[in-house]
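Peer 1: got a sequence here, can you model it:
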Amino acid sequence: MHSLALTLFALAQLASQPAATAREQLSPAALDAAAWKEHNACVRSERQQRFIAHYLRAQPERRERAAAALAAARPVGASPNWAPTLETLRRVETELSSGAVAERAELDQLASALDLSVAPGAFHARSEGLGDPLVVSVRRVHPVDVREDFWLELRWLASDGSELPARREPIGFRAVNEQGFDMYVRGPLGPAAPWRLFGVVSRPDRPEEGFALAEVRVDSVQDVRARLEAALARPRSSQPGFGRVASLARRLVSSGRRGSAALAGEQLLRTLESWPEAGAPTDVPVPLELGWREANGVEHWIWTYGPAGEPTRALAICSPDSEAEDHVFAGPLGELWRDYAERTGTQLFALQLPAQPNEVAEVLARLGEWIEDRPLFALARGEATARLERAFLAAQAPKLAGVVLCGPLVTRSDPERYRSLPQLVVGPQGASVVHALRRGVDAGGIVILDDLSLPAHVEAWQVELARDGSK
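Peer 2: Residues are numbered from 1 along each chain as shown. Here you go, the predicted structure:
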């Protein structure tokens, strides 16, 4: 384990958890609502990564049409950091797949609105007999107008692309609400493996015209409950990150609610089982410490990913709090950032920023302590750009080696301690930036697409800084 990992471990041991008793004082209903809010943030991240996967597989001309469709969907007067809704992502995703723009069918809108959560969120692998009984909760995650009854078929998707039927039922349209409804299935037979469950909605008289729900990962795991109990008994409770992974694993197995976009059931278990005594693992994204907590109990953790070798610098990726806290480590985007970390020897941090400038400065100051004397860069995506910029108005401004802003500049005061930092702006008219320390790259202004080029832009900019003798 490299020395930075040991430093992270030592500081995590001493880390104070903000308002340690505040969460304990919340009612069970409030804690339940907080868990659902974290789950919904994961749903958004999953849908964005699903869209990106479709986008990357599409032909160049379809990608161009998709980018234009997303730009056209921006409402008049929307925030410069506007992000597409789940409905918009689904509509453009359908166009990416079909290559044609068409009026959306009511059932396609319904399929976009429904989310599946499976309890337990990881089931015991069996090769014979009956698979484990599972409860599938079907909830609406955004408004949709449904006026007719429909059929919902659930199907298992194996890693080789084969499908197995799970259940098919008629559903009354009034059941489509925020409370949702339950369906009952059994886990598929076979060796331990990652599975995905998805649904298809159709009309009783037109079963061939079905529309698919977004799939959710549900792992088949050997001795899942015994392994979880054994992992939870390991003497790692003094490490906050281990405790957070344990909490996410317990929640997933007991209720099916997801709290991580990057780690599914088997990955959560393996992370707990392999967590070293001397600190957090470096080959997988993990939570490090609680960053801050909302009054309603929703927690925002700082996650980290360390390269195999000794890191020479660090990058804090600040994201909107509408996404999962580990969003940038998940799916195709996560692959890009992990490749960047290994190539450049960068310790990555993923975090969401609180609204108050002084609190933002405090969170970033803690990151500076963790990485010792290595340079710390900060990157802000979407609505996090405004929060990062405002932090420089705080009494104790963040100490950073440079700033990357994905989106338009929003600060009007532009204080000297901010202006004197090397900066990279990736966004609309980014190349028109003016002063000597600021570089810019033109981008479309749709964060979900601009994200894909960020690792390469950041790497090229840091090479330029090193060449110029700046850090």
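
Peer 1: if I look at W151, how far off is P80?
Peer 2: Separation of W151 from P80 (CB to CB, to the nearest Å) stands at 43 Å. C-betas here are computed from N, CA, C, even on glycine.

Peer 1: the domain parsing of this protein - what is it?
Peer 2: According to automatic domain parsing, the chain is divided into the following domains: 3-26+280-468, 105-221.

Peer 1: what's near enough to touch E273?
Peer 2: If you count contacts by CB atoms under 8 Å, 6 or more residues apart in numbering, E273 has them with 227, 230-231, 234.

Peer 1: helix or strand: which one has it?
Peer 2: Assessed by DSSP states H and E, E273 sits inside helix 265-274.

Peer 1: check the offset of the helix or strand just after that helix from the chain's centre.
Peer 2: Sequence-wise, the next helix or strand downstream of helix 265-274 (DSSP H and E) is strand 286-293. Put simply, strand 286-293 sits 14 Å off its chain's centre (CA atoms, centre = their mean, to the nearest Å).

Peer 1: go on, stretch 178-193?
Peer 2: Offset of stretch 178-193 from its chain centre (CA atoms, centre = their mean): 23 Å.

Peer 1: same deal with stretch 70-87?
Peer 2: 20 Å.

Peer 1: contacts made by it with the rest, please.
Peer 2: By CB under 8 Å, 6+ apart, the list of residues contacting stretch 70-87 from outside reads 43-44, 47, 88, 92, 109, 112-113, 141-142, 320, 322, 382-383, 385-386, 407-408, 410, 444-449.

Peer 1: which of these are buried?
Peer 2: For the contacts of stretch 70-87, a burial check counting by 16 or more other CB atoms under 10 Å picks out 43-44, 47, 88, 92, 109, 112-113, 141-142, 320, 382-383, 385-386, 407-408, 410, 445-449.

Peer 1: buried stuff in the helix or strand hosting A460?
Peer 2: Using DSSP H and E, A460 sits in helix 454-468. In terms of neighbour count (16+ other CB under 10 Å), helix 454-468 has its buried residues at 454-455, 457-458, 461-462, 465.

Peer 1: could you do stretch 240-257 as well?
Peer 2: Within stretch 240-257, the residues scored as buried using 16+ other CB under 10 Å are 240-249, 251-253, 255-257.

Peer 1: how far off centre is that stretch?
Peer 2: Centroid separation for stretch 240-257 versus its chain: 16 Å, with CA atoms, centre = their mean.

Peer 1: where do the strands sit along the stretch 151-300 of the chain?
Peer 2: Counting by DSSP state E, counting those that start in this stretch, the stretch 151-300 of the chain has strands at residues 163-171, 181-186, 193-203, 206-212, 216-221, 286-293, 299-305.

Peer 1: nearest to V135, out of those?
Peer 2: Closest of the strands of the stretch 151-300 of the chain to V135 is strand 181-186, at 5.5 Å (criterion: CB to CB).

Peer 1: can you list contacts of that closest one?
Peer 2: 130-138, 152, 154, 166-167, 169, 171, 175, 197.

Peer 1: send the alpha carbons of it over as CSV?
Peer 2: Taking Å, rounded to 0.1, in the frame of the first residue of the first chain, the C-alpha atoms of strand 181-186 are listed here in CSV:
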residue,chain,number,x,y,z
PHE,A,181,-46.9,-1.9,-6.1
ASP,A,182,-45.1,-5.2,-5.6
MET,A,183,-44.6,-8.2,-7.8
TYR,A,184,-43.1,-11.5,-6.6
VAL,A,185,-40.4,-13.5,-8.5
ARG,A,186,-37.7,-16.1,-7.8
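
Peer 1: that strand: partners in the sheet, and parallel or antiparallel?
Peer 2: Strand 181-186 sits in its sheet next to strand 133-140 (antiparallel), going by DSSP bridges.

Peer 1: in the partner strand, what's buried?
Peer 2: By neighbour count on 16+ other CB under 10 Å, the buried set for strand 133-140 is 134, 136-140.

Peer 1: between the residues you listed, which sits nearest A330?
Peer 2: Nearest to A330 among the buried residues of strand 133-140, with distances taken as CB to CB, is R139, at 20.9 Å.

Peer 1: how far away is the closest residue to that closest one other than its chain neighbours from A280?
Peer 2: For R139, ignoring the flanking residues on the chain, the nearest one in space by CB to CB, 6 or more residues apart in numbering is G180 at 3.6 Å. Separation of G180 from A280 (CB to CB): 36 Å.

Peer 1: so for these two, which sits in the more crowded spot?
Peer 2: Neighbours were counted for G180 and for A280 using other CB atoms under 10 Å; A280 has more, 28 against 17.

Peer 1: looks like the more buried one contacts T304 (just checking).
Peer 2: Yes. Applying CB atoms under 8 Å as the test, A280 and T304 come out as touching, 6.8 Å apart.

Peer 1: any idea which helix or strand in the chain has the lowest mean pLDDT?
Peer 2: Scoring the helices and strands of the chain by mean pLDDT, DSSP states H and E places helix 3-14 at the bottom, with a mean of 49.

Peer 1: right, and the helix or strand after that one?
Peer 2: Following helix 3-14 toward the C-terminus (DSSP H and E): helix 28-57.

Peer 1: pull out the buried positions in that following helix.
Peer 2: By 16+ other CB under 10 Å, the buried positions in helix 28-57 come out as 34-52, 54-55.

Peer 1: quick one, that helix and strand 133-140 angle?
Peer 2: Computed with axes from the mean of the first three to the mean of the last three CA atoms, to 10 degrees, the direction of helix 28-57 lies at 80 degrees from that of strand 133-140.

Peer 1: which helices and strands does helix 28-57 pack with?
Peer 2: The elements that helix 28-57 packs onto, with contact taken as 3 or more CB pairs under 8 Å, 6 or more residues apart in numbering; DSSP states H and E, are helix 86-98, helix 331-344, helix 447-450.

Peer 1: distance from the chain centre to that helix, please.
Peer 2: The answer for helix 28-57 is 7 Å, by CA atoms, centre = their mean.

Peer 1: give me the number of residues near G161?
Peer 2: G161: 6 surrounding residues under other CB under 10 Å.

Peer 1: then R366?
Peer 2: By other CB under 10 Å, the residues close to R366 number 16.

Peer 1: can you give me phi and psi for it?
Peer 2: As for R366, its main-chain torsions (degrees, to the nearest 10) stand at phi -60, psi -40.

Peer 1: OK, contacts around the residue sitting nearest the centre point of the chain?
Peer 2: Centroid-nearest residue in the chain: H327, 2.1 Å away (criterion: CA atoms, centre = their mean). Contacts for H327 were tallied using CB under 8 Å, 6+ apart; they are 45, 48, 261, 319, 333, 350.

Peer 1: between these, which is nearest P120?
Peer 2: Nearest to P120, judged by CB to CB, of those is A261 at 19.0 Å.

Peer 1: now that closest one: how far from A53?
Peer 2: Distance from A261 to A53, counting by CB to CB: 13 Å.

Peer 1: just E106 next, same as before
Peer 2: From E106 over to A53 the distance is 26 Å, taken as CB to CB.

Peer 1: then S45?
Peer 2: Note on S45: its distance to A53, by CB to CB, is 13 Å.

Peer 1: overlap in contacts of those two?
Peer 2: Listed as contacting both S45 and A53 by CB under 8 Å, 6+ apart is no residue at all.
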